[in-house]
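Colleague: no sequence on this one, just coordinates:
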């Protein structure tokens with residue numbers, strides 16, 4: 001929080017920024033609160049996913065954590081999170097793959113194995129489908145190793 005100095009200038013700037021930010025967020029506040037609550041419902045799942053090779057995770061695995069059937073879990077996840085469980089997993093896989101391609105010099109085979117993809121060919125196809133470029137092009141664009 002800024003201190004009040006020389007004619008309250010920092011305080012005035014802070015108050016104006018808070019007013020503008022509040023005005024911009026107000027229409028989206030209900031959705032932000034709802035998504036935050038929804039995410040908190042799935043904290044156990046998110047913690048469990050951090051410990052798994054993501055490519056091997058199924059809806060049935062996740063549903064078992066909540067003692068639900070596959071269909072009930074899928075509907076609940078989509079309603080609360082706004083995206084299907086499979087789409088969420090794919091987004092996490094893409095994020096992890098991009099991170100490893102950008103920040104490490106590991107081979108595609110090592111990255112694929114780490115993510116739980118059995119064959120590097122699956123990784124090639126998966127990455128190209130979701131990122132619209134090859135892993136090599138991604139590394140070159142991002143200036144990775």
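Modeller: In hand now; what should we look at? As the structure is a prediction and not an experimental result, all values here were calculated from the model.
Colleague: could you give me the average pLDDT of the helix or strand that contains residue 98?
Modeller: Taking DSSP states H and E as the criterion, residue 98 maps to helix 85-103. Throughout helix 85-103, pLDDT has a mean value of 90.
Colleague: What is the helix or strand just after it packed up against?
Modeller: Once the chain leaves helix 85-103, the next helix or strand it forms, by DSSP H and E, is helix 108-115. Helix 108-115 sits against helix 85-103, helix 120-131, with contacts defined as 3 or more CB pairs under 8 Å, 6 or more residues apart in numbering; DSSP states H and E. In this view, the C-beta of every residue, glycine as well, is placed from N, C-alpha and C.
Colleague: can you list those in TSV and add mean neighbour count and distance to residue 79?
Modeller: Shown next, in TSV, are the helices and strands packed on helix 108-115 (neighbours: other CB atoms under 10 Å; distance: least, CB to CB, whole Å):
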stretch	mean neighbour count	distance to residue 79
helix 85-103	16	11
helix 120-131	16	24
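Colleague: Residue 82 is in contact with residue 88, correct?
Modeller: No. Contact criterion CB atoms under 8 Å: residue 88 and residue 82 do not qualify, at 9.6 Å.
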